[in-house]
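> fold the following and give me the result.
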Amino acid sequence: MSESSTQPRPEPRSVLVTGGNRGIGRAIAEAFLAQGDNVAVTTRSGGAPDGALDVRCDVTDGAAIDAAFKQIEEAHGPVEVLVANAGVTADTLLLRMSDDDWEQVISTNLTGSFRLAKRAAKGMLRLRRGRIILISSVVGLLGSPGQVNYAASKSGLVGMARSIARELGSRSITANVVAPGFIETDMTAQLPEEQVKAYQGQIPLGRLGAVDEVAGAVTWLAGPGAAYVTGAVIPVDGGLGMGH
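As a prediction, this is how the structure comes out:
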């Protein structure tokens with residue numbers, strides 16, 4: 001018998017990643033799949049990674065969230081790890097920002113994460129364990145011209161996570177935030193080269209991050225090594241936002 005076969009394998013967990021069809025969310029879902037977890041991915045249009053349960057869900061719709069959780073629970077059991085990653089932008093300067101621009105971003109990024117955490121907590125309380133991980137942004141800490149709505153939604157996740165951490169900590173449920181900086185995705189690939197160089201000039205490490213580096217922080221927070229970490233904000237930004 002080989003040494004590896006004698007090591008007990010951890011039981012696969014029921015993991016939910018919202019917005020997991022592309023970019024950072026997809027890398028996070030793939031990282032959990034690589035660990036052998038049972039992963040569900042919610043999207044509005046489909047396209048989950050191979051091996052993941054593909055669930056259609058609009059996080060601005062409370063009934064759709066409840067239906068998605070019921071589908072996931074039937075397939076994988078109660079959600080033990082929630083990664084609230086789904087997000088949108090509607091960038092424009094403050095004086096041009098419409099009420100709809102504001103409400104769309106807040107509804108998806110902040111209220112959607114609240115609904116997800118609330119629904120996931122029901123199952124976690126019964127299990128007496130769970131990991132809630134909210135994907136924020138360095139913009140939520142630094143601010144950014146033209147992103148008043150986005151920055152507000154992403155900074156709000158910090159207060160949300162810390163309040164959840166205090167409410168649910170006695171049941172072995174942790175709540176943390178990961179705050180990525182400028183990460184190489186399809187979105188950043190469309191930026192002008194001069195703009196990318198300007199961003200790199202502000203980043204102490206001098207480069208954009210990789211989606212796998214964000215996924216690594218998320219899987220660590222969800223793993224046994226982070227059992228005593230809650231209410232934390234983990235930046236993955238090359239040092240751009242340090243001190244905030």
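
> can you tell me the average pLDDT over the longest helix seen in the chain?
Counting residues, the longest helix found in the chain (DSSP state H) is helix 148-168. When pLDDT is averaged over helix 148-168, the result is 98.

> now stretch 132-145
Mean predicted confidence for stretch 132-145 is 95.

> also stretch 32-49?
Mean predicted confidence for stretch 32-49 is 94.

> distance between the ends of that stretch?
End-to-end distance for stretch 32-49, by C-alpha to C-alpha, to the nearest Å: 11 Å.

> what's the longest helix of the chain packed up against?
helix 99-105, helix 112-127, strand 130-135, helix 139-142, strand 173-180 (3 or more C-beta pairs under 8 Å, 6 or more residues apart in numbering; DSSP states H and E). (Glycine included, C-beta is placed from N, CA and C.)

> can I get the ones you listed in JSON lines with distance to I234?
Shown next, in JSON lines, are the helices and strands packed on helix 148-168 (distance: least, C-beta to C-beta, whole Å):
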{"stretch": "helix 99-105", "distance to I234": "23"}
{"stretch": "helix 112-127", "distance to I234": "16"}
{"stretch": "strand 130-135", "distance to I234": "9"}
{"stretch": "helix 139-142", "distance to I234": "12"}
{"stretch": "strand 173-180", "distance to I234": "5"}
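
> select, out of the ones you listed, the one closest to A215.
Among the helices and strands packed on helix 148-168, strand 173-180 comes nearest to A215, with 9.5 Å by C-beta to C-beta.

> quick check: which ranges of this protein have low pLDDT?
1-10 (pLDDT under 70).

> rerun at 80
1-10, 187-191, 243 (pLDDT under 80).

> of the helices and strands packed on helix 148-168, which is nearest G62?
Using C-beta to C-beta, the nearest of the helices and strands packed on helix 148-168 to G62 is helix 112-127, at 5.5 Å.

> can you give me how far that closest one is from the chain middle?
In terms of C-alpha atoms, centre = their mean, to the nearest Å, the centre of helix 112-127 is found 14 Å from the chain centre.

> what do you get for stretch 175-182?
For stretch 175-182 - counting by C-alpha atoms, centre = their mean - the centre lies 8 Å from the chain centre.

> re earlier: compute the inter-axis angle for the longest helix of the chain and strand 130-135.
160 degrees (axes from the mean of the first three to the mean of the last three C-alpha atoms, to 10 degrees).

> so how far is L221 from A165?
Using C-beta to C-beta, to the nearest Å, we find A165 at a distance of 12 Å from L221.

> got the phi and psi for N38?
phi -90, psi 110 (degrees, to the nearest 10).

> who's in contact with it?
Applying C-beta atoms under 8 Å, 6 or more residues apart in numbering, one finds that N38 lies in contact with 12-15, 53, 75-77.

> out of those, which sit inside helices?
Using DSSP H, the contacts of N38 in helices are 75-76.

> tally of neighbours for A75?
A75: 12 surrounding residues under other C-beta atoms under 10 Å.

> also D101?
Under the criterion other C-beta under 10 Å, the count of neighbours that D101 has is 17.

> verify the stated contact: it with T92.
Yes. At 6.2 Å, D101 counts as touching T92 under the criterion of C-beta atoms under 8 Å.

> about what we covered before: wait, which of the helices and strands packed on helix 148-168 is closest to L240?
Of all the helices and strands packed on helix 148-168, helix 139-142 comes closest under C-beta to C-beta, at 7.4 Å.

> before we move on, back to that, looking at the helices and strands packed on helix 148-168, which is closest to F32?
strand 130-135 (10.9 Å).

> contacts for the closest one?
Residues contacting strand 130-135 (C-beta under 8 Å, 6+ apart): 24-25, 79-85, 87, 113, 117, 120-121, 123-124, 157, 160-161, 164, 168, 171-178, 180, 214, 218, 221-222.
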